[in-house]
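Trainee: with the input below, show me the fold.
(chains A and B)
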There are 2 protein chains.
Amino acid sequence: METFDTIRKRCSLKGHISGREIEPEKINLILEAGQLAPSARNYQPWRFIVVQDRKVVEKLVKAFSESNQVMVEATVILVVCARAGDDVIKNGLEYYLFDVGLAVENMVLAATALGIITHLMTAFDEAMVKQILHIPADVRAVVATPLAYPVEASYDEAAQARLSARTRKDLKELVLINQWSEPEPA
Amino acid sequence: METFDTIRKRCSLKGHISGREIEPEKINLILEAGQLAPSARNYQPWRFIVVQDRKVVEKLVKAFSESNQVMVEATVILVVCARAGDDVIKNGLEYYLFDVGLAVENMVLAATALGIITHLMTAFDEAMVKQILHIPADVRAVVATPLAYPVEASYDEAAQARLSARTRKDLKELVLINQWSEPEPA
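Mentor: Below you'll find the model as predicted:
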């Protein structure tokens, strides 16, 4: 898929997850996309936990919020972790979170290009996730997403509706020229 | 450009920046890519400062490290800012940094697809950057990058060499299946 199409078509539609298996080579392409992201001083602080064991998926999803319970349908849940100490910390800015964002967006776009749904989630019980996945105390579970094929019968229309209804701040509000300025009141 | 090609070709080659102007519509496509990134609860904490005024570019680059002084050649420097308080903070995790990472990767890939060089930089004097760009005290300047066409005569070969020499952790080290585990010693 063309890069701009991928960027424009990416959306989060957890309500349309099918239980269709994802081919291992496609999972690998997604992981490779994360691997290739840039990071401060090339530290690559990210670690990708690929949860595929049904029993672990079922336990893990219980750590997600009520509205995210539908993710139990997914055959793969990806949990992205990192340690603050594995990356630059500058004036209190912990760049591991920024770098993990770079890698995750690469993976989300790679999945989109392959016709695979993602839905980034941060509203989970981190202590529970860490316990289930045996994540060490100093490692943070930053984000989780299902990797899932969409339900074919319903997805295209739902995606179209979602993209048409997408709300984003206007570029006038986001973009500042040559220096900071507060946006004009609307 | 096809999504995976873009992800694989993205690299940071500040040594090959030309002074060729970037068309406003291409700058807009890059900013739109940032705008379309996902964020926690759709908070969109990012703000994009597009520095194009020569005098401001020249002042700004002085806040960068010695090795980044070459960026003065670029006709555009993009500075991405955000406030921690404009996004989710959960168990001390400030998700604005993660979300800014998502938006920045979209922009970096959009630029790559347009044949425009980026080079993410975090090694700058943030206080100086904030003073030059009149950024409020509670807003962080997270990352800066030039947006620049490459020097045509030298770029392709340099990019090829860079990509061949690229060092990334092996997927065996980055990827964990079903639960955390420490990688086998090499």
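
Trainee: give me the number of residues near residue A:28?
Mentor: For residue A:28, the neighbour count with other Cβ atoms under 10 Å in any protein chain shown is 14. C-beta: built from backbone N, CA, C; applies to glycine.

Trainee: residue B:171 is in contact with that one, correct?
Mentor: Yes: with contact defined as Cβ atoms under 8 Å, residue A:28 counts as touching residue B:171 (7.4 Å).

Trainee: residue nearest the middle of chain A, spatially speaking?
Mentor: With the centre of chain A defined as its mean C-alpha position, the nearest residue by Cα atoms, centre = their mean is residue A:120, 3.8 Å away.

Trainee: for that one, give me its contacts.
Mentor: Listed by Cβ atoms under 8 Å, 6 or more residues apart in numbering or on different chains, the contact set of residue A:120 reads A:12, A:104, A:108, A:143-145, B:38, B:40, B:102.

Trainee: helices and strands around the helix ranked longest in chain A, which ones?
Mentor: The helix spanning the most residues in chain A, taking DSSP state H as the definition, is helix A:95-113. In terms of contacts (3 or more Cβ pairs under 8 Å, 6 or more residues apart in numbering or on different chains; DSSP states H and E), helix A:95-113 is packed against helix A:3-9, helix A:24-35, strand A:76-82, strand A:140-147, helix B:3-9, helix B:95-113.

Trainee: mind showing which ranges of chain A have poor pLDDT?
Mentor: A:183-186 (pLDDT under 70).

Trainee: for it, which residue gets nearest to chain B?
Mentor: residue A:101 (1.9 Å; Cβ to the nearest Cβ).

Trainee: excluding chain neighbours, what is closest to that residue?
Mentor: For residue A:101, ignoring the flanking residues on the chain, the nearest one in space by Cβ to Cβ, 6 or more residues apart in numbering or on different chains is residue B:101 at 1.9 Å.

Trainee: can the helix or strand just after the longest helix of chain A be found next to chain B?
Mentor: Using DSSP states H and E, the helix or strand that directly follows helix A:95-113 along the chain is helix A:126-133. Yes: applying Cβ under 8 Å from any Cβ of the partner chain, one finds helix A:126-133 touching chain B at A:126, A:132-133.

Trainee: redo the residues you listed as a markdown table? Include distance to residue A:71.
Mentor: As requested, the residues of helix A:126-133 next to chain B are exported to a markdown table (distance: Cβ to Cβ, whole Å):
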| residue | distance to residue A:71 |
| --- | --- |
| A:126 | 16 |
| A:132 | 14 |
| A:133 | 15 |
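
Trainee: JSON lines for those residues, including neighbour count and distance to residue B:8?
Mentor: Listed next are these as JSON lines, based on neighbours: other Cβ atoms under 10 Å in any protein chain shown; distance: Cβ to Cβ, whole Å:
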{"residue": "A:126", "neighbour count": "17", "distance to residue B:8": "33"}
{"residue": "A:132", "neighbour count": "20", "distance to residue B:8": "34"}
{"residue": "A:133", "neighbour count": "24", "distance to residue B:8": "29"}
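
Trainee: what is the nearest of those residues to residue A:115?
Mentor: Minimum separation from residue A:115 among the residues of helix A:126-133 next to chain B (Cβ to Cβ) is found for residue A:133, which lies at 27.2 Å.

Trainee: hang on, isn't that closest one packed against residue B:180?
Mentor: Yes: counting by Cβ under 8 Å, residue A:133 sits close enough to residue B:180 to count as a contact (5.5 Å).

Trainee: anything in contact with each of those two?
Mentor: residue A:49.

Trainee: would you mind measuring the gap between the ends of stretch A:5-17?
Mentor: 21 Å (Cα to Cα, to the nearest Å).

Trainee: show me what counts as buried in that stretch.
Mentor: A:6-7, A:9-17 (16 or more other Cβ atoms under 10 Å in any protein chain shown).

Trainee: run through who's touching it.
Mentor: By Cβ under 8 Å, 6+ apart, the list of residues contacting stretch A:5-17 reads A:1, A:68, A:70-71, A:73-74, A:108-109, A:112-113, A:117-120, A:146, A:148-151, A:154-155, A:158-159, A:162-163, A:166, B:3, B:33, B:36, B:38, B:106, B:109-110.

Trainee: again with stretch A:104-114
Mentor: Stretch A:104-114 is touched from outside by A:1, A:3, A:6-7, A:9-10, A:26, A:29-34, A:36-37, A:48, A:78, A:80, A:117-118, A:120, A:142-143, A:145, A:147, B:2-4, B:7, B:37-38, B:98, B:101-103, B:105-106, B:109, with contacts defined as Cβ under 8 Å, 6+ apart.

Trainee: out of those residues, which end up buried?
Mentor: The neighbour count (16+ other Cβ under 10 Å) marks A:1, A:3, A:6-7, A:9-10, A:26, A:29-34, A:36-37, A:48, A:78, A:80, A:117-118, A:120, A:142-143, A:145, A:147, B:3-4, B:7, B:37-38, B:98, B:101-103, B:105-106, B:109 as buried among those.
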